[in-house]
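Q: Next one to model:
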Amino acid sequence: MGSASTYVAAIDQGTTSTRAMIFDHQGRVVSSEQIEHEQIFPRAGWVEHDASEIWRNTRRVAAAALASVDLKHGDIAACGLTNQRETTLIWDRETGEPIHNAIVWQDTRTNDLCRELAGDVGVDRYRDRTGLPLSTYFAGPKIRWLLDSVDGARERAEAGELCFGTMDSWTAWNMTGGPDGGLHITDVTNASRTMLMDLRTLAWDEEICAEMGIPTALLPEIRSSSEVYGPLREHGSLPGVPLAGILGDQQAATFGQACLDPGEAKNTYGTGNFLLLNTGTEPVFSDHGLLTTVCYRIGDQRARYALEGSIAVTGSLVQWLRDNLGLFTHASEIETLAASVEDNGDTYFVPAFSGLFAPRWRPDARGVIVGLTRFVNKGHLARAALEASAFQTREVIEAMQADSGVELSTLKVDGGMVVNDLLMQFQADILDVPVVRPVVNETTALGAAYAAGLAVGYWESEDEIRANWAEDRRWEPQMGDDERDRLYTGWNRAVEHSLDLG
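A: Predicted coordinates for the structure are as follows:
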């Protein structure tokens, strides 16, 4: 299969855009096309996407990625799919029409519902089965909100007329035919983010579904992350090409970074930051506010698990400084601005815009800037914003080491912000471990491509994926212990100021 004339395609349906990429056997990017979609904010704390717009964009980028390098569908051995996780959609099985906009992972409208579900038991009510605390972040409570809020939705769901899906399911259903025989499926990694799947059995938990008020008729079939699900629809740009890999975006990045052995970790710097540590074939449950999640499952092998630290706001803080404050016109300019000052001027920026995620899980936290004096200028604010990503990453890594007993020796990094030299150096300094960036930074799409290619034999084994991984750049720690401790103490003090505001 892995002949020089064939390639593997991947669709990466992200929070802010949808991208199609084509990779060769070495895991190098041959073609890439991307379209942003609208972010809809109906009120404070609510975030939605128009799923029909996203499906239109998916078709456009897939066609454009082929056309831009003059490839035809016959040149593509398989297609993989990766997606923003937890974003929740319900649509009509007959027509393919969504019953409401998709509710995005950052959305906090289910806050009261999560409190109600926690009851006297508390937020860890389902943690021993799902690996997750009760939080607005996950899909289950979002499904319940849609069923409660859209007229007639519950009755139609119980009658089997509706489909629930995270964005992988919506994309896969449409790509394999939609109302005309589309597959209603999800993979274990995405299913593990709904709060409705038992981590050990990898099946929907009937009891949790009942307690959340979610009819199981709504739910997709749970499949492996790497297997041939079926052919793509005849009237698309990839007719007959096997859809053969599905991974939630953070798990896909872990796969693309070749973190395939227990103890290997990666950190993705995107809209938020996501740190995953491969823990092998046994789920490790966290005492320090981390999530236990499925890392991936290849065919009918045993699932691999991960500990995950999710940080809500990192790259989106840069967007906020650009769009809401107008500090610069292009996100890339933040580095120049941050480099115009020697240090943070004792200023700390805690971007708890929708509460704090791991390891604190404080929905009552709100954003604060601490330590302002007349001396502070926009350079210090830019620097404090970048440093916030690195401080939050250190909190998560300390939690991971405490839970797993694994000492991190290097941190593999990817995502949009890793081109930022100042941030990467500060990350190495505040962690006191080397930070390593791979040659192919688009590890999310690459991971989905690998999963699909493995399923059709385009890549023989995981060893080929390890061999493809190549280091591009490494940052060594240069900061003294005293300065590191002083800065981290300052950060922790700042976080205390962000609590009890929401």
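Q: what are the phi and psi values for Gly182?
A: phi -60, psi 150 (degrees, to the nearest 10).
Q: Could you do the one 3 residues further on as well?
A: Reported as degrees, to the nearest 10, the phi and psi values for Ile185 are phi -130, psi 160.
Q: try the one 4 residues further on
A: The phi and psi torsions at Thr189 (degrees, to the nearest 10) take the values phi -70, psi -40.
Q: Phe138 now?
A: Phe138 adopts backbone torsions of phi -90, psi 160, taken as degrees, to the nearest 10.
Q: My read is that it contacts Met195, right?
A: Yes: if you go by Cβ atoms under 8 Å, Phe138 and Met195 touch, sitting 4.3 Å apart. Where you see a C-beta, it was placed from the backbone N, CA and C, and this is true even at glycine.
Q: which regions of the chain lie under the pLDDT threshold?
A: Scanning the chain for pLDDT under 70 picks out the ranges 1-5.
Q: what's the following helix or strand after the helix or strand hosting Gln401?
A: Assigning secondary structure by DSSP states H and E places Gln401 in helix 378-404. Sequence-wise, the next helix or strand downstream of helix 378-404 (DSSP H and E) is strand 411-414.
Q: Alpha carbons only: can I get that following strand in PDB?
A: The C-alpha coordinates for strand 411-414 follow below in PDB (Å, rounded to 0.1, in the frame of the first residue of the first chain):
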ATOM      1  CA  LEU A 411       8.400  17.800  26.900                       C
ATOM      2  CA  LYS A 412       7.400  17.300  23.300                       C
ATOM      3  CA  VAL A 413       5.400  20.400  22.100                       C
ATOM      4  CA  ASP A 414       3.200  21.200  19.100                       C
END
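Q: ok, then the element right after it?
A: helix 421-431.
Q: can you state the direction angle for that following helix and helix 378-404?
A: 40 degrees (axes from the mean of the first three to the mean of the last three Cα atoms, to 10 degrees).
Q: which other helices and strands contact helix 421-431?
A: Contact partners of helix 421-431 among helices and strands, from 3 or more Cβ pairs under 8 Å, 6 or more residues apart in numbering; DSSP states H and E: helix 334-339, helix 378-404, strand 411-414, strand 435-438, strand 471-475, helix 481-498.
Q: Tell me the gap between it and the middle of its chain.
A: Taking Cα atoms, centre = their mean, to the nearest Å, the mean C-alpha location of helix 421-431 is offset from the chain mean by 22 Å.
Q: List the buried residues for it?
A: Leu422, Leu423, Met424, Gln425, Phe426, Gln427, Ala428, Asp429, Ile430, Leu431 (16 or more other Cβ atoms under 10 Å).
Q: which secondary structure element contains the residue of the chain positioned farthest from its centre?
A: Most distant residue from the mean C-alpha position of the chain: Arg374, 38.6 Å away (Cα atoms, centre = their mean). According to DSSP H and E, Arg374 maps onto no helix or strand at all.
Q: show me what contacts Ile208?
A: Contacts for Ile208 were tallied using Cβ atoms under 8 Å, 6 or more residues apart in numbering; they are Tyr126, Arg129, Thr130, Gly140, Met195, Leu196.
Q: out of these, which one sits closest to Thr6?
A: The closest of the contacts of Ile208 to Thr6 turns out to be Leu196 (Cβ to Cβ; 37.5 Å).
Q: mind checking how far that closest one is from Gly122?
A: Leu196 sits 19 Å away from Gly122, going by Cβ to Cβ, to the nearest Å.
Q: next one: Asp472
A: Noted for Asp472: a distance of 44 Å to Gly122, by Cβ to Cβ.
Q: Tell me which residues touch Leu275, please.
A: Per Cβ under 8 Å, 6+ apart, neighbours of Leu275: Ala265, Lys266, Asn267, Thr268, Glu308, Gly309, Ile311, Thr393, Val396, Ile397, Met400.
Q: Adjacent strands (with direction) for the helix or strand where it lies?
A: In this assignment (DSSP H and E), Leu275 forms part of strand 273-280. Sheet pairing of strand 273-280 (DSSP bridges) gives strand 265-269 (antiparallel), strand 304-311 (antiparallel).
Q: Check what contacts the shortest one and list those residues.
A: Going back to what we said before, that points to strand 265-269. Strand 265-269 is touched from outside by 249-250, 253-254, 257, 259, 273-278, 314-315, 389, 393, 397, 400, 408, 411-418, 423, 443-444, with contacts defined as Cβ under 8 Å, 6+ apart.
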